[in-house]
Each structure stands twice: as structure tokens, then as C-alpha cells.
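> okay, here's the prediction I keep looking at, along with the sequence it came from:
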Amino acid sequence: MKSLENKTKKVLISGNSKILFSFLLLFLLLPLVSPATPQTNVNRETGYEIIYPKFDVIKQNHPFNLSVHISNNSNGVQVTGALCDLEMFNSTGQHIINNQNLSLIGDEYNYFISAGNFTQTGIYHFNIYCSTEFFGGVADGLFEVSPSGQSGINNLVFVLFIIFAFYTITFMGFFGKNTIISMLGGMGMIFLGVYLINNGIIVYRDDLTLYFAYLTTGIGFLIAIWAGMAEMDVL
């Protein structure tokens, strides 16, 4: 009986431990889930609805063409006689666009935002105001400017995995004296380095990432040259 009771207690303890471990793992993974960037469109029951692309991320130092449509909030009829202004703040709160008029082309309002407005990475905020002599409407939202035009933990993990894979394959070929693998891995590291120079690592682009990009390109170049010379029996 005691042996049976001990076994039962062990099973219960083991089961409880698994449950506690599952909850702990879930708790640790929760911070990795990032909410979507909020985009809001604020309107009254009588007024105008401002419809615009729900963009979340823009590439650093690249222009963006904003296109807006306006409809009557009460009946859905499209409005083409409104006056629309845009204002925008960068990641440090600086007012970089101040009440600039959108141009009406056909049935949509447009404003070309030059690349010089997206020199800083981070979260930007914008407001769009549209009005006629009868009604008005306002839309506001947030978006992110990143070096690659991408964002999110999943993308970052994927890029880090690619970097790890290229380094692993190249060094395995180099230290294993496999010239073909070394040559292919070295060429891959060259392309990877050039990509990182131009785009950074998802949301990161600074002196450290630039140094790592040049280092990756240099290592890849040297290993590819060594492998090519070894393959031709020059070494």
C-alpha cells in the first residue's frame, strides 16, 4: 500500500511540475508577442471618413506617396471638394510637416513625402485634416521607420538565423578543408554583408551593425578567394 501511495504521489508531483513548467514557459513567451501598430480614424456621426493606406513600416531614407480618399460618414458618398492638410512628427517629436495641403488628383488626395523626412528611425505620428464649409473629419495614426522597411521580432529572429547559418556553413567548409562549400559560403557571406550594409538588421542600423556588415563581407571575400585558389591548386 505504501509503495502504491508513493507512486501516486510521484505521479501527482510530476503532473503538477509539468503544469507549472507550462505556465512558466507561457509567461516567458508572452513579452515576445508584440501588438500591431495602432492606426485610428476619428470621425463623428456626421462628418467625413478619411480613408488611407494602413501602412505600419516605411523604409528609412525612402520617399512615400500618401493617397487619401474621403467619403461622407452618413451616406458613404465620395467627397472631392474638401481641403485636406497633413502634419507629421518624427520619432523625437519634431514637427517635420506642418499643415501641408494635399493635392486633389481625380477622386483622391495625394501628398508626396520626400525621403528627407525619414532620416531618423523610430515611431512617427501623423494627422490628416479634411473639411468643407459643411463638415470635416480627422484621421491620425502611427507608423515606424526602419532601415530595412521591416519590423517585428519574428523578422529579426529570421535574419539572425540566416546570419548564423551562413557563418556556420562557411566556417565548417573552411576548417573542414572543403573548398566548394567554403567558396559557396564565402560568396553567400559577401552578399549577406552587402545586404546588411544597405539595410541594417531589421530595425537596427548604426556603427555596430555597419562594422559587423563590413566584417562579414571581408571574411566572406577572404574565404572565397582562399577556396578558389585552393581549388585551382595555387596554394
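Great, that's in hand. Here the structure is a predicted model, which means the values were calculated and not measured.
> hmm, who's touching stretch 79-96?
Stretch 79-96 has contacts (Cβ atoms under 8 Å, 6 or more residues apart in numbering) with 48, 50, 66, 68, 70-72, 97-102, 104, 107, 109, 111, 113, 117, 120-132, 145. C-beta coordinates here come from the backbone N, C-alpha and C atoms, glycine included.
> from the residues you listed, which would you call buried?
Buried by 16 or more other Cβ atoms under 10 Å: 48, 50, 66, 68, 70, 72, 97, 102, 104, 109, 111, 113, 117, 121, 124, 126-131, 145, out of those.
> among those, name the ones in strands.
When DSSP state E is applied, these are split such that 48, 50, 66, 68, 70, 72, 97, 104, 109, 111, 113, 124, 126-131, 145 fall in strands.
> what's the domain layout of this structure?
39-146, 153-231 (automatic domain parsing).
> now these as a markdown table including mean pLDDT?
Shown next, in a markdown table, are the domains of the chain (pLDDT from 0 to 100):
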| stretch | mean pLDDT |
| --- | --- |
| domain 39-146 | 87 |
| domain 153-231 | 85 |
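> distance of the residue lying closest to A82 once chain neighbours are set aside relative to G141?
In this structure, A82 finds its nearest non-sequential neighbour in C130, 4.5 Å apart by Cβ to Cβ, 6 or more residues apart in numbering. Distance, C130 to G141, by Cβ to Cβ, to the nearest Å: 14 Å.
> kindly report the same for V159.
Distance from V159 to G141, by Cβ to Cβ: 27 Å.
> ok, now L192?
34 Å.
> and what of I190?
Counting by Cβ to Cβ - I190 and G141 are separated by 39 Å.
> with I70 instead?
In terms of Cβ to Cβ, I70 sits 16 Å off from G141.
> kindly list the main-chain dihedrals of the closest residue to K59 other than its chain neighbours?
Distances taken as Cβ to Cβ, 6+ apart put G149 closest to K59, at 3.2 Å, once the chain neighbours are dropped. Backbone torsions of G149, given as degrees, to the nearest 10, read phi 80, psi 10.
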